[in-house]
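Student: what follows is a predicted structure for the sequence shown.
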Amino acid sequence: MAAKFADIDEQHPTQRFSDLVGEPCRMLMPIEGYEKMPLVTLEEAVEPIVEYVPDVRRRAYFAKMKCAELSPGKLSMDEAASITLYSMEWEPQ
(Lines give C-alpha, C1' and ligand atoms only; values in the text may rest on other atoms or scores of the structure.)
Protein backbone atom coordinates (compact mmCIF):
# COMPACT_ATOMS: atom_id res chain seq x y z
CA MET A 1 0.00 0.00 0.00
CA ALA A 2 2.84 2.39 0.80
CA ALA A 3 4.17 1.80 -2.71
CA LYS A 4 1.29 3.90 -4.05
CA PHE A 5 2.73 7.04 -2.49
CA ALA A 6 5.58 8.92 -4.16
CA ASP A 7 8.94 9.00 -2.45
CA ILE A 8 9.35 12.27 -0.55
CA ASP A 9 12.69 12.94 -2.28
CA GLU A 10 10.96 12.76 -5.67
CA GLN A 11 8.22 15.23 -4.82
CA HIS A 12 8.59 18.89 -5.70
CA PRO A 13 7.90 20.93 -2.57
CA THR A 14 5.22 23.54 -2.86
CA GLN A 15 6.86 26.92 -2.80
CA ARG A 16 5.00 29.52 -0.80
CA PHE A 17 5.53 33.25 -0.74
CA SER A 18 7.72 33.57 2.36
CA ASP A 19 11.10 34.61 3.68
CA LEU A 20 11.30 32.42 6.78
CA VAL A 21 14.96 31.57 6.26
CA GLY A 22 16.05 35.11 7.15
CA GLU A 23 13.73 35.51 10.14
CA PRO A 24 15.21 35.51 13.65
CA CYS A 25 14.00 32.74 15.96
CA ARG A 26 12.45 34.88 18.67
CA MET A 27 8.97 35.40 20.06
CA LEU A 28 7.19 38.31 18.38
CA MET A 29 4.22 40.32 19.55
CA PRO A 30 0.91 39.34 17.94
CA ILE A 31 -0.34 41.44 15.05
CA GLU A 32 -2.99 43.80 16.34
CA GLY A 33 -5.25 46.36 14.77
CA TYR A 34 -6.07 44.41 11.62
CA GLU A 35 -9.64 43.94 12.80
CA LYS A 36 -10.08 47.72 12.58
CA MET A 37 -9.05 47.80 8.92
CA PRO A 38 -11.86 48.02 6.36
CA LEU A 39 -12.71 44.91 4.39
CA VAL A 40 -11.74 45.16 0.72
CA THR A 41 -12.43 43.08 -2.35
CA LEU A 42 -10.05 40.29 -3.27
CA GLU A 43 -8.92 42.31 -6.28
CA GLU A 44 -7.91 45.20 -4.00
CA ALA A 45 -6.27 42.86 -1.50
CA VAL A 46 -3.89 41.30 -4.05
CA GLU A 47 -2.71 44.61 -5.56
CA PRO A 48 0.25 45.06 -3.14
CA ILE A 49 1.75 41.69 -4.17
CA VAL A 50 1.26 41.91 -7.94
CA GLU A 51 4.91 42.78 -8.56
CA TYR A 52 6.01 39.69 -6.59
CA VAL A 53 3.32 37.30 -7.81
CA PRO A 54 2.61 38.41 -11.41
CA ASP A 55 -0.22 35.95 -12.12
CA VAL A 56 -2.16 36.72 -8.95
CA ARG A 57 -4.78 38.98 -10.58
CA ARG A 58 -5.80 36.28 -13.07
CA ARG A 59 -5.86 33.63 -10.38
CA ALA A 60 -7.97 35.83 -8.09
CA TYR A 61 -10.46 36.18 -10.95
CA PHE A 62 -10.59 32.40 -11.43
CA ALA A 63 -11.00 31.88 -7.68
CA LYS A 64 -14.01 34.21 -7.64
CA MET A 65 -15.56 32.50 -10.67
CA LYS A 66 -15.11 29.11 -9.01
CA CYS A 67 -16.72 30.33 -5.78
CA ALA A 68 -19.63 31.89 -7.69
CA GLU A 69 -20.48 28.42 -8.98
CA LEU A 70 -20.14 26.73 -5.57
CA SER A 71 -22.28 29.03 -3.40
CA PRO A 72 -19.97 29.78 -0.46
CA GLY A 73 -22.68 29.72 2.22
CA LYS A 74 -21.92 31.98 5.20
CA LEU A 75 -18.76 33.41 3.67
CA SER A 76 -18.82 36.37 1.33
CA MET A 77 -17.68 35.76 -2.24
CA ASP A 78 -14.38 37.53 -1.53
CA GLU A 79 -13.78 35.55 1.69
CA ALA A 80 -14.41 32.23 -0.04
CA ALA A 81 -12.32 33.23 -3.05
CA SER A 82 -9.41 34.34 -0.86
CA ILE A 83 -9.32 30.88 0.76
CA THR A 84 -9.49 29.28 -2.69
CA LEU A 85 -6.69 31.53 -3.97
CA TYR A 86 -4.51 30.78 -0.93
CA SER A 87 -4.88 27.04 -1.44
CA MET A 88 -4.13 27.09 -5.20
CA GLU A 89 -0.83 25.63 -6.32
CA TRP A 90 1.16 27.02 -9.23
CA GLU A 91 4.75 27.18 -10.34
CA PRO A 92 6.65 30.37 -9.53
CA GLN A 93 7.52 32.55 -12.52
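Tutor: Okay, I see it.

Student: how about the nearest residue to residue 43, chain neighbours excluded?
Tutor: Spatial nearest neighbour of residue 43, chain neighbours left out: residue 60 (6.1 Å); criterion: Cβ to Cβ, 6 or more residues apart in numbering. Quick note: C-beta positions are derived from backbone N, CA and C, even for glycine.

Student: give me the buried positions along whichever strand or helix holds that neighbour.
Tutor: Secondary structure assignment for residue 60, by DSSP states H and E: helix 56-70. For helix 56-70, the neighbour count (16 or more other Cβ atoms under 10 Å) marks 56, 59-60, 63-64, 67 as buried.

Student: got it, and stretch 38-56?
Tutor: By 16+ other Cβ under 10 Å, the buried positions in stretch 38-56 come out as 42, 45-46, 56.

Student: quick one on the thing from earlier: in JSON lines, list the buried residues of helix 56-70 along with pLDDT and distance to residue 22.
Tutor: Compiled in JSON lines, these are given as follows (pLDDT from 0 to 100; distance: Cβ to Cβ, whole Å):
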{"residue": "56", "pLDDT": "95", "distance to residue 22": "22"}
{"residue": "59", "pLDDT": "96", "distance to residue 22": "26"}
{"residue": "60", "pLDDT": "97", "distance to residue 22": "27"}
{"residue": "63", "pLDDT": "95", "distance to residue 22": "29"}
{"residue": "64", "pLDDT": "94", "distance to residue 22": "33"}
{"residue": "67", "pLDDT": "89", "distance to residue 22": "34"}
